[in-house]
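S.K.: this one's sequence-less:
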């Protein structure tokens, strides 16, 4: 059998299972993970654990550039920098702002997604806003929040030229229901977020195709023992995904453990990484506005994995599932990334016994080595 073998190592397939052996790849794709320990074409350090490349479904930018205003530059920076944290695929997020510049940024990102990348690759584009509940907007400027009219939804869909489109929307706002129906009909992924929806509206949203809850616990009513809410609906439904910013600040370690206990393989780790632009400062491990409001995290995906392990006591292969296979399924790209199954892209991360990233490969090519 032709191809190149990597190993020996413990290979975490991405679905929570793992096996010792070597992995054979050919033409940038996984052929198989083969049982047995033997000499490989590319020998890995002793004690290595190999996982699929991490996937970040919610990232606003990197360094001091963000996707809203510098989409091309930020894509290039992410492609170059993300692999050092184990990330091989990511979904750029465009936040609430002036509508036409939002559409322009989304269009550019969508077009660039079709182009080959020498580093981490974009999976499409995520619009977090402007179709949000003003009462749960957090740092999203009130003056730019909009109603999802048919004309605006059509304008948004016209920008979509490559990759996946994810739209975070508050399902209770005016015209959200027909907007959601049109977005789903056209193949977009729906996420509920920045919302004050009731339990009943939350369940209705799930029926309407909102498969993801954007940053669970944040920008929504909290759990309450007498009042069920959107969060309750997503925690109880086994078919949908909860995204979580696992930095220990946006959500405590105990609530992270609760999320994992309830959602398991449908928990999606993300960073919601916020670049330090427009007067934001890093304080206490998060990005904040000048008046102290949390604007996003400074988390990295490899640290999110370690934080989940620390909060729950699960193994690296189990934790990595929430950063690979779960986000891939949430976005509908599980046939291509997020797994080491045959025919998937050969995007993989080599970890040492301390759960540190040592090597990252994209399509079977080394793109990062921790020296």
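M.R.: Looks like it arrived, so ask away. All figures in this text were calculated on a predicted structure; none of them were measured in a lab.
S.K.: In three-state terms, how would the most centrally placed residue in the chain be classified?
M.R.: The residue lying closest to the centre of the chain (CA atoms, centre = their mean) is residue 57, at 1.9 Å. State at residue 57, reduced to three classes by DSSP: H, G, I helix; E, B strand; the rest coil: strand.
S.K.: Could you check how far residue 229 is from residue 55?
M.R.: 28 Å (CB to CB, to the nearest Å). For every residue, glycine as well, the C-beta is placed using N, CA and C.
S.K.: Compare those two (neighbour count), which wins?
M.R.: residue 55 (29 against 21; other CB atoms under 10 Å).
S.K.: elements contacting the helix or strand bottoming out on mean pLDDT in the chain?
M.R.: Across the helices and strands of the chain, mean confidence by mean pLDDT, DSSP states H and E is lowest for strand 294-297: a mean of 71. Packing partners of strand 294-297 (3 or more CB pairs under 8 Å, 6 or more residues apart in numbering; DSSP states H and E): strand 286-288.
S.K.: And the longest helix seen in the chain, how far out from the chain middle?
M.R.: Identified as the longest helix of the chain according to DSSP state H is helix 99-113. Centroid separation for helix 99-113 versus its chain: 19 Å, with CA atoms, centre = their mean, to the nearest Å.
S.K.: How about stretch 226-241?
M.R.: Centroid separation for stretch 226-241 versus its chain: 20 Å, with CA atoms, centre = their mean.
S.K.: In that stretch, which residues are buried?
M.R.: Buried residues in stretch 226-241, counted by 16 or more other CB atoms under 10 Å: 228, 229, 230, 231, 232, 233, 234, 235, 237, 240, 241.
S.K.: Please apply the same query to stretch 179-189.
M.R.: So for stretch 179-189, counting by 16+ other CB under 10 Å, buried means 179, 180, 182, 183, 184, 188, 189.
S.K.: For those residues, give me JSON lines that also has pLDDT.
M.R.: Output for those, formatted as JSON lines (pLDDT from 0 to 100):
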{"residue": "179", "pLDDT": "99"}
{"residue": "180", "pLDDT": "99"}
{"residue": "182", "pLDDT": "99"}
{"residue": "183", "pLDDT": "99"}
{"residue": "184", "pLDDT": "98"}
{"residue": "188", "pLDDT": "98"}
{"residue": "189", "pLDDT": "98"}
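S.K.: Check which helix or strand residue 10 maps to.
M.R.: Residue 10 belongs to strand 4-12 when assigned by DSSP states H and E.
S.K.: got the angle between the next helix or strand after that strand and strand 4-12?
M.R.: Going down the chain from strand 4-12, the next helix or strand is strand 18-26, by DSSP H and E. Angle, strand 18-26 to strand 4-12, by axes from the mean of the first three to the mean of the last three CA atoms, to 10 degrees: 150 degrees.
S.K.: neighbouring strands for strand 18-26, and are they parallel or not?
M.R.: Sheet pairing of strand 18-26 (DSSP bridges) gives strand 4-12 (antiparallel), strand 29-35 (antiparallel).
S.K.: about what we covered before: please name the residues that touch the residue nearest to the centre of the chain.
M.R.: By CB atoms under 8 Å, 6 or more residues apart in numbering, the residues touching residue 57 are 90, 91, 123, 126, 166, 212, 243, 268, 270, 327, 330, 331.
S.K.: would JSON lines of the residues you listed with secondary structure and distance to residue 342 be doable?
M.R.: JSON lines is the format used below for those (DSSP: H, G, I helix; E, B strand; the rest coil; distance: CB to CB, whole Å):
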{"residue": "90", "secondary structure": "strand", "distance to residue 342": "24"}
{"residue": "91", "secondary structure": "strand", "distance to residue 342": "25"}
{"residue": "123", "secondary structure": "coil", "distance to residue 342": "21"}
{"residue": "126", "secondary structure": "strand", "distance to residue 342": "29"}
{"residue": "166", "secondary structure": "strand", "distance to residue 342": "27"}
{"residue": "212", "secondary structure": "strand", "distance to residue 342": "27"}
{"residue": "243", "secondary structure": "strand", "distance to residue 342": "28"}
{"residue": "268", "secondary structure": "strand", "distance to residue 342": "24"}
{"residue": "270", "secondary structure": "strand", "distance to residue 342": "27"}
{"residue": "327", "secondary structure": "helix", "distance to residue 342": "20"}
{"residue": "330", "secondary structure": "helix", "distance to residue 342": "22"}
{"residue": "331", "secondary structure": "helix", "distance to residue 342": "21"}
